[in-house]
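>>> Starting from these lines, generate the structure:
(2 chains)
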Protein chains: 2
Amino acid sequence: MLTRRRSHRDSLIWATAPTVRRHGRGAASTQPSPIARTEPPSEAMPVREAHPRHVHRVSSPAGNGRSQAQLHPLTDKAANHRLQAYETAVKSSFDRILPLLRELAGLQREKGFVGKAQALAEQTLGFRLPDHLLADAWIKGLDLPRLHAACLFETYCRMADGFFAHDPLKGHDTRAFNTFLQGCGFHLMDVTPCADGRLAHAISYVLRLPFGAVRRRSSAGALFDVEDTVSKWVEVEHARYRAGTPNTADAPTRYLKTVIYHFSSRHPAHEGCAAHGSDDTAAARAGLERLQAFRQAVENGFCCGASVALLLIGLDTDTDALRIHVPDAGGHMDLQSGLDTRDIYRQTLSMTPEAARGHILEQVRRHAPAAPDEGMVKLIAHLVEHNLSQLDYVDRRHGGAYPDQGHAERFMGVGIGFEEIQLRNLTFFAYLHTVEEGAADLDVGCRILGGLNHPHGLPIPVVIRFDYHGQVPGARERAIARCLQVDRAMTERYAPLVRDGLLHRLLVVRDCDTRGGLERVAASTDPSGQGGH
Amino acid sequence: MLTRRRSHRDSLIWATAPTVRRHGRGAASTQPSPIARTEPPSEAMPVREAHPRHVHRVSSPAGNGRSQAQLHPLTDKAANHRLQAYETAVKSSFDRILPLLRELAGLQREKGFVGKAQALAEQTLGFRLPDHLLADAWIKGLDLPRLHAACLFETYCRMADGFFAHDPLKGHDTRAFNTFLQGCGFHLMDVTPCADGRLAHAISYVLRLPFGAVRRRSSAGALFDVEDTVSKWVEVEHARYRAGTPNTADAPTRYLKTVIYHFSSRHPAHEGCAAHGSDDTAAARAGLERLQAFRQAVENGFCCGASVALLLIGLDTDTDALRIHVPDAGGHMDLQSGLDTRDIYRQTLSMTPEAARGHILEQVRRHAPAAPDEGMVKLIAHLVEHNLSQLDYVDRRHGGAYPDQGHAERFMGVGIGFEEIQLRNLTFFAYLHTVEEGAADLDVGCRILGGLNHPHGLPIPVVIRFDYHGQVPGARERAIARCLQVDRAMTERYAPLVRDGLLHRLLVVRDCDTRGGLERVAASTDPSGQGGH
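This next block holds a predicted model:
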């Protein structure tokens, strides 16, 4: 049942230069190259994604009402280049799958097809296809949906392995941010964005934080699990007492719980948060209530003045602009008004960096309902400044607003893990331990991915994944057993889709105590796999 | 959907004198009386249970090869009286249901049936029956299976409410044991017995410990969840650091994890642990491996010499005798040999209490593979002494071995909670958060309860229960939602049984931060309930 995957660490799809050809044969070589040698695309020539889905496209000019040339004085150009190179490389690796399959479809009855197909696949995708999906094509025709899923799963695995091996987003450079955070009075930043794929880049892109320093727990509607978060709080406090990490328990710092809800400035009634019926006031209120419930649970359950800090942020998924509900020193936040980073952008565009930073601090203070905590002001100002780079990123790449304002996820991620997913609209998450608990999220995901793929005859690709702590004996075996259990339950729940080959699953586990990659457990695209045909 | 139950705290079924009549009308009054006034049955006249199931009955004389009159010098007679009064009261309250139903079956076409039935029910069971299950009996006949479930659920609720209100087993008198335990070098005793109903009395009867001072986490095959236990360990360590409870973190005490596996001395091949195929060597080995995995997880995952103490105990479910695998100071245990409390009983029966205690200490030391830790020796000697009382209890009540050597549970308990279940063979436990995870245990439970009840046309009664911490905002609502979710999943999984009225469910939640009773959420025996008919 279990097969260890060969290592892909030295053949990273995401490290491929982003300007390679996407159609036709005989084009430029796609030999993988390490990320250090990757040239980011020219800023003047934004690379559009070749993703073949129907998406809302906006014809608006630069969202911030200014010429394409001018960048904000606080924008981190080097980071924008690096982030763009990574995003383009990863997404284009997924986007090369369909053109290749179209090409194979035209060749499938030719003599020597298998050899040609493998040569083309290696050239285009950087890997060989499963032989069993090619061998009988001359008799029964290619099973293109299954082949599509197999290519997508392999592309995903290579992306993930490369991510863990090479840390392309520098997410493990955590020291500076940890020092800064503690200087603001917080020892851990725990963020719950909505599980919507359009927020998957919230930490690494929108907030520009090293993901290794932030606890991310995505959740549908940004409604995090209070009991789970209290457990995490206890765990963190215990580490402070026992090991003095990240600081000692007597340091006057707090655990900071942050919620990121979302809305759509372009299509507010349709492209907001599905869990809250695209009502951003409801989304904000629900987030605030959950935050307050967490604080109350800690204050009621533990002695000695135990408490936590709270932060509520709205994200405009069209532009990546933030609406920050600055809390005052008592922890109160105003749901009606928030600090809008687009306003800040416009107000500070022509200032010197120093003046802009001063203005940001002042605006943050002004937006609190009463006198704010100065550490919180400093942290929020930091996040605002980071977000200005992201506004320029979206502006430069997409003319102010994303072309894919709706869903355009490539696959569903089901289970616990997915630290490597730091890109927007790549993955629809359904964090769960069991299908029974997560059925509602899974149904939403299947509706979204089915809506994107089924009209074209393509399947829903699902990655079932459980991370485990390798230092706990038996944890790996339990993670594998859980993968199989969730796969069984999904296969039951979506039996008609599975039977028709319209829902494929890849099962992987990962030891999150290491920087190693994924371990492949099984897939419905394997010779014995269940997935139609 | 939700109805708050009226309080039953002043009409406790378990407080009923145990000698009330079980058949016929017009017998002695069953007016409830507080436990303080309860007379335990005479020792010379053991009260046999009226449970109408087929069980293995043994014809053996006193199991310890001695006359009925002689008790062990270390036996706590007062405790034996008290425990027997409680057990008899509770079990007889369940055992009064069937005779009443038989009586009602004979009366159902009579004029004035509803009034007569209610009078009989109040007199016999201490509560009125749901009117909707009686009203149409003259037309369509009594739905006896459903009425049986309704009576059982009400009996269970009254038993539970009484337990929490009156603490009949004195399980909250924890101070003396906590002091003793810390004196032995341990700050928490965490016990996992097998979830088999024949071990449900392990803490309060077999080991004679106050249940409020012991963490009990029953699990099928005694295979506890390592990750969950590490979380609990962190929680306990955190409380020691933060609040100094149960003692401060610098006190040189350890967390003691104990596993109780089981076997059957009378029918070793058939009545042992189902999860281990009645192979007690396999059960012991699996328990030891799980204990070692827990210790390794703590040692690997935490710094500063973090570790835990381990203890492995076998329980003979026929006699309640223990086989204790005494660890040495290095934590090693011998699976092949164990200290058998029946041997100790015989060896010490004619000694003075002081001499007997000395002998026990010496035997405990002798059974360790190498020099043992003196605190552990002291604790084990304490448990051995307690168990001698239980050997006398079983001997006096049942002539040395239980008549119900196999399963004879009255209902299934599904979910998280059930602190009030401290009696043998009353409840088959399936501790779970979801049916998806717990399906195997549920299937076993349905086989057992179905095997006991279905041949008689009686349903499987299932109590779905989730405890919550009322100090956590929203926790009650989440517990209720989880009850409903598990009920839905069970209804799906066992659809044919549900349709035929052969599986009934009661849904309850409880705030475990208080000493309050159960809150009734719903039941399939309610007018709108799903459960056949």
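
>>> the helices in chain A, which residues?
Applying DSSP state H to chain A gives helices spanning A:77-95, A:97-107, A:113-124, A:137-140, A:144-166, A:175-183, A:226-243, A:280-301, A:341-348, A:353-366, A:374-398, A:435-453, A:475-493, A:495-499.

>>> Kindly report which one of these carries the lowest mean pLDDT.
The minimum mean pLDDT among the helices of chain A belongs to helix A:137-140 (a mean of 89).

>>> list the buried ones in it?
By 16 or more other CB atoms under 10 Å in any protein chain shown, the buried positions in helix A:137-140 come out as residue A:137. C-beta coordinates here come from the backbone N, C-alpha and C atoms, glycine included.

>>> tell me what that helix is packed against?
If you count contacts as 3 or more CB pairs under 8 Å, 6 or more residues apart in numbering or on different chains; DSSP states H and E, helix A:137-140 packs onto helix A:113-124.

>>> How far away from the center of its chain is the helix it packs on?
Centre-to-centre, helix A:113-124 and its host chain are 31 Å apart (CA atoms, centre = their mean, to the nearest Å).

>>> Show me the contact partners of it.
Contacts to helix A:113-124, defined as CB atoms under 8 Å, 6 or more residues apart in numbering or on different chains, come from residues A:25, A:29-30, A:96, A:99-100, A:103-104, A:107, A:110, A:127-129, A:131, A:134-135, A:137-138, A:151.

>>> And for the one residue sitting closest to the centre of chain A, nearest residue in space, chain neighbours not counted?
In chain A, the centroid-proximal residue (CA atoms, centre = their mean) is residue A:200; its distance is 2.6 Å. Excluding the flanking residues, the one nearest residue A:200 by CB to CB, 6 or more residues apart in numbering or on different chains is residue A:421, at 5.3 Å.

>>> TSV for the helices of chain A, including distance to residue B:353?
TSV is the format used below for the helices of chain A (distance: least, CB to CB, whole Å):
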stretch	distance to residue B:353
helix A:77-95	76
helix A:97-107	80
helix A:113-124	83
helix A:137-140	84
helix A:144-166	64
helix A:175-183	60
helix A:226-243	43
helix A:280-301	44
helix A:341-348	78
helix A:353-366	74
helix A:374-398	64
helix A:435-453	54
helix A:475-493	48
helix A:495-499	67
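
>>> which residues does the residue lying closest to residue A:450 once chain neighbours are set aside bridge with?
The shortest distance from residue A:450 to any non-neighbouring residue, by CB to CB, 6+ apart, is to residue A:460 (5.6 Å). Applying DSSP bridges to residue A:460 gives these bridge partners: residue A:503.

>>> looking at it, residue A:460 is touching residue A:412, isn't it?
Yes. The pair residue A:460 and residue A:412 passes the contact test of CB atoms under 8 Å, sitting 6.5 Å apart.

>>> overlap in contacts of the two?
Between them, residue A:460 and residue A:412 share these contacting residues under CB under 8 Å, 6+ apart: A:445-446, A:449.

>>> which among these end up buried?
For the shared contacts of residue A:460 and residue A:412, buried by 16+ other CB under 10 Å: A:445-446, A:449.

>>> now those as CSV including distance to chain B?
Converted to CSV, those look like this (distance: CB to the nearest CB, whole Å):
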residue, distance to chain B
A:445, 17
A:446, 17
A:449, 22
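
>>> how about the residues of the stretch 301-450 of chain A that lie near chain B?
Residues of the stretch 301-450 of chain A that fall close to chain B, judged by CB under 8 Å from any CB of the partner chain: A:301-304, A:306, A:433-437.

>>> Tell me the most packed of those, by neighbour count.
Among those, residue A:435 has the most neighbours (other CB atoms under 10 Å in any protein chain shown), with 24 neighbours.

>>> Return the residues in contact with that residue.
Per CB under 8 Å, 6+ apart, neighbours of residue A:435: A:442, A:486, A:489-490, A:493, B:436.

>>> Give me the spatial nearest neighbour of it, chain neighbours excluded.
Nearest to residue A:435 is residue A:489, by CB to CB, 6+ apart, at 3.6 Å.

>>> I figured the one you found hits residue A:436, correct?
Yes. With contact defined as CB under 8 Å, residue A:489 reaches residue A:436; the gap is 7.1 Å.

>>> shared neighbours of the two, anything?
The contact lists of residue A:489 and residue A:436 share residue B:436, where a contact means CB under 8 Å, 6+ apart.

>>> For stretch A:370-386, output the C-alpha coordinates as CSV.
C-alpha atoms of stretch A:370-386 as CSV (Å, rounded to 0.1, in the frame of the first residue of the first chain):
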residue,chain,number,x,y,z
ALA,A,370,-9.8,55.0,22.9
ALA,A,371,-6.2,55.3,23.8
PRO,A,372,-4.4,52.3,22.3
ASP,A,373,-1.5,50.2,23.6
GLU,A,374,1.7,51.5,22.0
GLY,A,375,3.0,48.0,21.3
MET,A,376,-0.1,47.1,19.4
VAL,A,377,0.2,50.4,17.5
LYS,A,378,3.7,49.5,16.5
LEU,A,379,2.8,46.1,15.3
ILE,A,380,-0.2,47.3,13.3
ALA,A,381,1.9,50.1,11.7
HIS,A,382,4.4,47.3,10.8
LEU,A,383,1.6,45.3,9.1
VAL,A,384,0.3,48.4,7.3
GLU,A,385,3.8,49.1,5.9
HIS,A,386,4.1,45.5,4.7
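
>>> outside of it, which residues touch it?
Stretch A:370-386 is contacted by residues A:74, A:180-181, A:183-186, A:207-209, A:256, A:309, A:311, A:313, A:322, A:324, A:326-330, A:332, A:339, A:341, A:344, A:357, A:360-361, A:364-365, A:368 when judged by CB under 8 Å, 6+ apart.

>>> let's go with 6 Å and repeat that
For stretch A:370-386, contacts defined as CB atoms under 6 Å, 6 or more residues apart in numbering or on different chains pick out A:74, A:184-185, A:207-208, A:324, A:326, A:328-329, A:341, A:344, A:360-361, A:364-365.

>>> thinking again about what came up before, and which of the shared contacts of residue A:460 and residue A:412 is nearest residue B:387?
Nearest to residue B:387 among those: residue A:445, at 54.0 Å, using CB to CB.

>>> Wait, that closest one touches residue A:430, no?
Yes. Between residue A:445 and residue A:430 there is a contact under CB atoms under 6 Å: 5.3 Å.

>>> what's the domain layout of chain A?
Per the record, chain A has its domains at A:13-39+A:96-168+A:407-523, A:175-398, by automatic domain parsing.

>>> So which residues on the stretch 151-300 of chain A come close to chain B?
A:226, A:234-235, A:237-238, A:241-243, A:293, A:296-297, A:300 (CB under 6 Å from any CB of the partner chain).
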